[in-house]
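> Sequence plus the predicted model coming up.
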Amino acid sequence: MKKFFAAFLAALLVLGTSPVFAEDSFNYTITVDGVTVPSEPGYNGSLYRYTSIADALGYETAFHAETGIVESKKGDITVTFAVSGYGGATVVQDDEFKDYLGYFYAQNIYDKLYISYYNAEALASVVDAGLVVDESASTVSIYSSAGKQALAEQTDARLTLFNEMMGLTRDKNYTSQGTGNMTMNLSSKLFGLSGTGEINFETVSAKSGNKTYSKVITSNSGLMNLLHLNIDDDEISKSETIEIYTDGQQVYLKSKTLTKALLQEEEYAFSYEYPEQTELLMDQWVTTDNFPPSYRLLLNNGITLGNFIVDYCFETATYYANPIDMIDMFVTLMSDENITVTENNGLKTYAYKIDKNTYLKCLEPMIPEMSEEERAEFDAVMDGFEMEMTAAETVTADGIKSVSGGKSSLSNVPNPWNEDVFSGEILFSAEETAAFSENVEYAFPDVSGAVNLTDFVKSVTDADIFEH
């Protein structure tokens, strides 16, 4: 049950969902996994050594002198372009056209191939590498898959106690059962508003080798409607069963609400434009080529906290908050400095608490510039903020029994009318019992008929275009 801590914390951060882009392509210093890419002056800004970038991202590159074509391969992805100034690069995956990178400027300088900044960014995006742009320092940092994994390991090293508290360091085979509750209370005396909602959940989990499975059954009495401002959506107010499973290579999901959310990741308005096709997926196991890290966190040992944070930050970074700053925000929020650990007769207790100052330090990179008066008002609003969580567990050779809970509240927001503009609190509690077993005998789900949403959306939209 402690795996819900991360979702509880992430909900308190105001994070955007737009990708990071630079304004222009003049004279940046580009690094890949910390190594500076050689550059040469070009007509409209610096040009960058192609193979230094491609090699670091895992491409294998060949130049066909007879045709002047460059071909770079990584796994099932192939990027080809001509060394002829401004042209285009073609991206093929599994022998099928995937993308066309326009204005791919490639130039031969001193028998070395160079490309523009925009081309470097495009080459990185093809293989889902991370990109961090710091215009004030004129730097662009590219992170390959290996580079992001190194960041994740560095992040985990800074969050040892939080990983333990969430149970994400559990490396034994196990089966577990748990229950939990979350309640939200909101009020505003100034506007005469109040609301209360509650959601209860049960969980079943199992791990055997690379296989991990988790099922969450929710029932609610208004909380989801309250969170969605009473939007009239039947799916929001219904009870929900969420199943998620990994065989060690691919992640699979079975959930009406979350399947719709995954479809939105593939094609924003798909479920609204194709309701009949969407309905076909509601009771099926599905997967995608790019599973959001927040879903994978539902699996104990499906992803470490460091992996979740790094993936999430690169996925949701904005122009105003780059991934590295966001990672530091999470580390500040979940730092070992905020956790006190005590042990007594086999019972290990983690007590986590942060106040206004820690929370503001966490949000600092995202707070816009303010005058002294505006900043004083903002700080005053946060005076009533507090967040605390506890997790107590007894660990034996046979298993773990844990009890956890948490509270986040903001009260009596100051204002010129001296009335309570907003007060709110979120409370949650959970219990879990896990049994260790060297050979777990568990009926893991059959996902042989799972639908790949990436392929499904493409087939439906392609057919629609063809018909029209």
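Right, received. Where do you want to start?

> from here on, contacts and neighbour counts on C-alpha atoms
Fine.

> For the residue lying closest to residue 123 once chain neighbours are set aside, grab phi and psi.
For residue 123, ignoring the flanking residues on the chain, the nearest one in space by Cα to Cα, 6 or more residues apart in numbering is residue 54 at 7.6 Å. For residue 54, the backbone dihedrals (degrees, to the nearest 10) come out as phi -60, psi -40.

> Kindly provide the distance from residue 54 to residue 129.
11 Å (Cα to Cα, to the nearest Å).

> Mind listing the shared neighbours of these two?
By Cα atoms under 8 Å, 6 or more residues apart in numbering, residue 54 and residue 129 have no common neighbours.

> quick one, domains of the chain?
According to automatic domain parsing, the chain comprises the domains 4-16+150-463, 29-134.

> For the shortest one, measure first residue to last.
Between the opening and closing residues of domain 29-134 there is a gap of 10 Å (Cα to Cα).

> what do you get for stretch 447-461?
Span of stretch 447-461 from end to end, Cα to Cα: 25 Å.

> Next, report how far it is displaced from the centre of its chain.
22 Å (Cα atoms, centre = their mean, to the nearest Å).

> what's residue 245 in contact with, if anything?
Listed by Cα under 8 Å, 6+ apart, the contact set of residue 245 reads 211-214, 251-253, 299, 445.

> Would you agree residue 133 is in contact with residue 322?
Yes. With contact defined as Cα atoms under 8 Å, residue 133 counts as touching residue 322 (7.3 Å).

> and which of the contacts of residue 245 is nearest to residue 157?
The nearest member of the contacts of residue 245 to residue 157, counting by Cα to Cα, is residue 299 at 20.4 Å.

> The residue nearest to residue 123 and residue 71 touch, don't they?
No. The pair residue 54 and residue 71 does not pass the contact test of Cα under 8 Å, sitting 10.7 Å apart.

> Common neighbours of these two, please.
residue 61.

> How about the backbone phi and psi for residue 254?
phi -140, psi 110.

> hang on, it packs against residue 286?
Yes. Applying Cα under 8 Å as the test, residue 254 and residue 286 come out as touching, 6.3 Å apart.

> hmm, back to that, so which of the domains of the chain comes closest to residue 143?
Among the domains of the chain, if distance is taken as Cα to Cα, the winner is domain 29-134, at 4.7 Å.

> chain center to that closest one: distance?
27 Å.

> My reading is that residue 58 is in a helix; is that accurate?
No. Read with DSSP: H, G, I helix; E, B strand; the rest coil, residue 58 is coil and lies in no helix.

> Chain neighbours aside, what residue packs nearest to it?
Nearest non-adjacent residue to residue 58 (Cα to Cα, 6+ apart): residue 74, at 6.2 Å.

> Provide a list of residues in contact with the one you found.
So, once contact is read as Cα under 8 Å, 6+ apart, residue 74 ends up touching 58-60.

> give the contact list for residue 78.
Applying Cα under 8 Å, 6+ apart, the residues contacting residue 78 are 71-72, 91-93.

> Which stretches in the stretch 251-400 of the chain count as helices?
256-266, 270-273, 275-279, 293-296, 305-316, 323-334, 356-363, 372-381 (DSSP state H, counting those that start in this stretch).

> Where is the longest helix in the protein?
Determined from DSSP state H, the single longest helix within the chain is helix 453-467.

> any weak-confidence spans in the stretch 1-150 of the chain?
Across the stretch 1-150 of the chain, the ranges flagged by pLDDT under 70 are 1-26, 85-86, 110.

> Show me the strands in it, by range?
When assigned using DSSP state E, counting those that start in this stretch, the strands of the stretch 1-150 of the chain occupy the ranges 29-32, 35-36, 39-42, 45-49, 60-64, 69-74, 77-82, 85-93, 96-109, 112-115, 130-134, 139-143.

> Distance to residue 370 for the ones you listed - can I get that in JSON lines?
Below are those laid out as JSON lines (distance: least, Cα to Cα, whole Å):
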{"stretch": "strand 29-32", "distance to residue 370": "31"}
{"stretch": "strand 35-36", "distance to residue 370": "35"}
{"stretch": "strand 39-42", "distance to residue 370": "38"}
{"stretch": "strand 45-49", "distance to residue 370": "34"}
{"stretch": "strand 60-64", "distance to residue 370": "49"}
{"stretch": "strand 69-74", "distance to residue 370": "46"}
{"stretch": "strand 77-82", "distance to residue 370": "46"}
{"stretch": "strand 85-93", "distance to residue 370": "44"}
{"stretch": "strand 96-109", "distance to residue 370": "40"}
{"stretch": "strand 112-115", "distance to residue 370": "40"}
{"stretch": "strand 130-134", "distance to residue 370": "21"}
{"stretch": "strand 139-143", "distance to residue 370": "26"}
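
> wait, which of those is closest to residue 282?
strand 96-109 (27.7 Å).

> For the closest one, name the packing helices and strands.
strand 85-93, strand 112-115, helix 117-126 (3 or more Cα pairs under 8 Å, 6 or more residues apart in numbering; DSSP states H and E).

> Which one, of these, ends up nearest to residue 99?
Taking Cα to Cα, strand 85-93 is the member of the helices and strands packed on strand 96-109 nearest to residue 99, at 5.0 Å.

> what does that closest one contact?
76-82, 97-107, 126.

> can you give me the angle that strand makes with strand 96-109?
Between strand 85-93 and strand 96-109, the angle formed by their directions is 150 degrees, by axes from the mean of the first three to the mean of the last three Cα atoms, to 10 degrees.

> Report the buried residues of strand 85-93.
Applying a neighbour-count criterion of 16 or more other Cα atoms under 10 Å, one finds 88-92 buried in strand 85-93.

> Does residue 142 touch residue 36 like I think?
No. Under the criterion of Cα under 8 Å, residue 142 makes no contact with residue 36, lying 10.1 Å away.
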